[in-house]
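> fold the following.
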Amino acid sequence: MTDLPPVRRLLHDAPATCNDVVVLTYDDRLMRRKRLLTVQGDGFLVDLPEATSLDAVWGFELEDCRNIQVLAAEEPVLEITGPDLARYAWHIGNRHTPCQVEPGRLVIRADHVLEAMLRQLGAGVVARSEPFAPEVGAYGMGRPMGHDHGLDEGHAPGHKHVHFHSSHRHDDDDDEDEPDPAAEA
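Next up, the predicted model:
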């Protein structure tokens, strides 16, 4: 194992040469500072100014001008098909679950609770192992792993923001969904 020089910059387009590859899961492709290992077993340091999604990045240029490509790792996912993809996508989105949207199918991370819900809705669901690259946020940035509404106008920092979705209450500083009391009345 060799230590390579640290990353100089991110590469958005493929360069003329590729010296090695790193294979990263969806979660691992969101990083700020981390030591990575290439498929050849060489280590290098990534130290970015802020947390960055590598989903739209070809790879890294190291300080010695070597180029390391980022590839998405295979992960356990569920492929969702059926006649009502828009409805299935709505239910997936209502649970703030990252979703890869393709013609004729949706792909989410393997989750037995969502799998049961989708089957109950009539979706075809098949467990697969493949790279996972879900849609980015509506404005082309960030990651669809929950959301931040920021401060409500006129509220002080630390104010707990609560809002309701069609079937559940959502507290932005609480990961647990609770039933909407208004829906039960």
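
> what are the phi and psi angles of residue 107?
Dihedral angles of residue 107 (phi, psi; degrees, to the nearest 10) stand at phi -130, psi 130.

> repeat for residue 93
Residue 93 adopts backbone torsions of phi -60, psi -30, taken as degrees, to the nearest 10.

> got a list of what it touches?
residue 99 (CB atoms under 8 Å, 6 or more residues apart in numbering). C-beta coordinates here come from the backbone N, C-alpha and C atoms, glycine included.

> that one and residue 48: what is the separation?
Using CB to CB, to the nearest Å, residue 93 is found at 29 Å from residue 48.

> likewise residue 114?
31 Å.

> what about those two, which has more around it?
Just comparing residue 114 and residue 48: by other CB atoms under 10 Å the higher neighbour count belongs to residue 114, 19 against 15.

> tell me where the model's unsure across this structure.
The chain contains residues with pLDDT under 70 at 1, 137-185.

> per-domain residue ranges of it.
Per automatic domain parsing, the structural domains of the chain span 7-72, 75-131.

> end to end on the longest one, go ahead and measure it.
It stands for domain 7-72. Separation of the first and last residues of domain 7-72 by CA to CA, to the nearest Å is 19 Å.

> what about it, distance to the chain center?
The chain centre lies 17 Å from the centre of domain 7-72; the measure is CA atoms, centre = their mean, to the nearest Å.

> show me where this structure has helices.
Per DSSP state H, the chain carries helices over the ranges 85-94, 112-120, 181-184.

> now these in TSV, with distance to residue 19?
Output for the helices of the chain, formatted as TSV (distance: least, CB to CB, whole Å):
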stretch	distance to residue 19
helix 85-94	38
helix 112-120	39
helix 181-184	56
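
> looking at the ones you listed, which one is packed in the most?
Ranked by mean neighbour count under mean count of other CB atoms under 10 Å, these are led by helix 85-94, which reaches a mean of 16.

> now residue 103: how far from residue 113?
26 Å.

> kindly report the same for residue 64.
Residue 64 is 47 Å from residue 113, by CB to CB.

> next: residue 50.
Counting by CB to CB, the gap from residue 50 to residue 113 is 33 Å.

> and the closest residue to residue 37 other than its chain neighbours, what is it in contact with?
Spatial nearest neighbour of residue 37, chain neighbours left out: residue 43 (5.3 Å); criterion: CB to CB, 6 or more residues apart in numbering. By CB under 8 Å, 6+ apart, the residues touching residue 43 are 1, 2, 3, 4, 35, 36, 37.
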